[in-house]
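**Student:** model the structure of this input:
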Amino acid sequence: MQVMTLSDQELIGYYLEGDQKAFEELLSRHKNKIYTSIYLFVKDQALAEDIFQDVFIKIIDTLRKGKYNHEGKFLQWAMRISYNMCVDHFRRSKRRPQFTPTETFDIMDILKVSDDNMEVHMIKSQTHDKLRRLVDQLPDEQREVVILRHYADLSFKEIAQLTRVSINTALGRMRYALINIRKLMAEREVVLQ
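**Tutor:** Predicted coordinates:
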C-alpha cells in the first residue's frame, strides 16, 4: 500500500483499522499548515508546540471514538480544532493574539520554496517580509481573516464559522484588510515584486 497516494479519508480508514503509518502520513501531510496557523495566533514557539500536540491528541480521540464526520475535509476540520484551542488559550489567559514574526520562527520558513536561483529567492523573501509587516499592522479582526484565508487555506464560510461571524462580515474584514494594505503600501511607497 502506497500511503502517500491515498486520500485523507482513506488514511483515516486505515488508521482506524490499526495502521499507524496511515496516521503518520496524515500528520506529515498537514502538520506544517496546522502548526503554522497555531503559531501565527499565539506567537510563542513552546506554546504553539503544546497546542499543536493537544490538537492531535483531540484529533486522535475524536477519530477513535468514531465522532469524525466523513466530509472528506480533514484539514479544515483540524484547522477548526486548532483555532478553537487557540481561542480557548486566549480566553484563559485574557490576551489578544499578536501576529508578528520572531527571530526563531517565521511563517515563510515553513512555506515551500521552489528551486529558484538565489536572486529570485531573495526577491521572494524580501516581498514576503514586506507583506508580512503590512499584515502585522492591520487591526486584529482583519489580520485574523487574512491569516485564516491565505495561510490556513480556509474558505470564507469556514472562517465565518470559526470566528462566529457572518460570511458577509468575514468578507468585509478581508475587503478592508486589502484596502488597508494598499493604503499602507502607498503611504510607505512599498513595492512588492
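**Student:** quick check, Asp54 in contact with Met85.
**Tutor:** Yes. With contacts counted by CB atoms under 8 Å, Asp54 reaches Met85, the gap being 5.8 Å. Every C-beta, even on glycine, is put in place using the N, C-alpha and C of the backbone.
**Student:** how does the protein divide into domains?
**Tutor:** Partitioning the chain according to automatic domain parsing yields domains covering residues 1-98, 101-193.
**Student:** quick one: mean pLDDT for the first one?
**Tutor:** Right, domain 1-98. Averaged over domain 1-98, pLDDT sits at 84.
**Student:** repeat that for the shortest one.
**Tutor:** Rounded to a whole number, the mean pLDDT of domain 101-193 is 75.
**Student:** now do the helices in this structure.
**Tutor:** Under the criterion DSSP state H, the chain contains helices at 8-16, 20-42, 45-64, 74-93, 107-110, 118-136, 140-146, 156-163, 167-188.
**Student:** closest to Gln2 out of those?
**Tutor:** helix 20-42 (9.7 Å; CB to CB).
**Student:** hmm, back to that, redo the helices of the chain as CSV? Include distance to Gln2 and mean neighbour count.
**Tutor:** Shown next, in CSV, are these (distance: least, CB to CB, whole Å; neighbours: other CB atoms under 10 Å):
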stretch, distance to Gln2, mean neighbour count
helix 8-16, 11, 18
helix 20-42, 10, 19
helix 45-64, 21, 15
helix 74-93, 18, 17
helix 107-110, 25, 14
helix 118-136, 32, 14
helix 140-146, 36, 20
helix 156-163, 30, 19
helix 167-188, 38, 15
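**Student:** end-to-end on stretch 152-159?
**Tutor:** Terminal residues of stretch 152-159 are spaced 10 Å apart (CA to CA, to the nearest Å).
**Student:** can you check stretch 147-154 too?
**Tutor:** 9 Å.
**Student:** need the residues that contact it.
**Tutor:** By CB atoms under 8 Å, 6 or more residues apart in numbering, the residues outside stretch 147-154 that reach it are 33, 36-37, 40-41, 75-76, 79, 83, 99, 107, 135, 156, 158-159, 162-163, 174.
**Student:** what does stretch 80-97 give?
**Tutor:** Contacts for stretch 80-97 (CB under 8 Å, 6+ apart): 34, 37-38, 40-43, 47, 51-52, 54-55, 58-59, 140, 144, 148, 152, 158, 161-162.
**Student:** switch the cut-off to 7 Å
**Tutor:** The contact list for stretch 80-97 (CB atoms under 7 Å, 6 or more residues apart in numbering) reads 34, 37-38, 41-43, 51, 54-55, 58-59, 140, 162.
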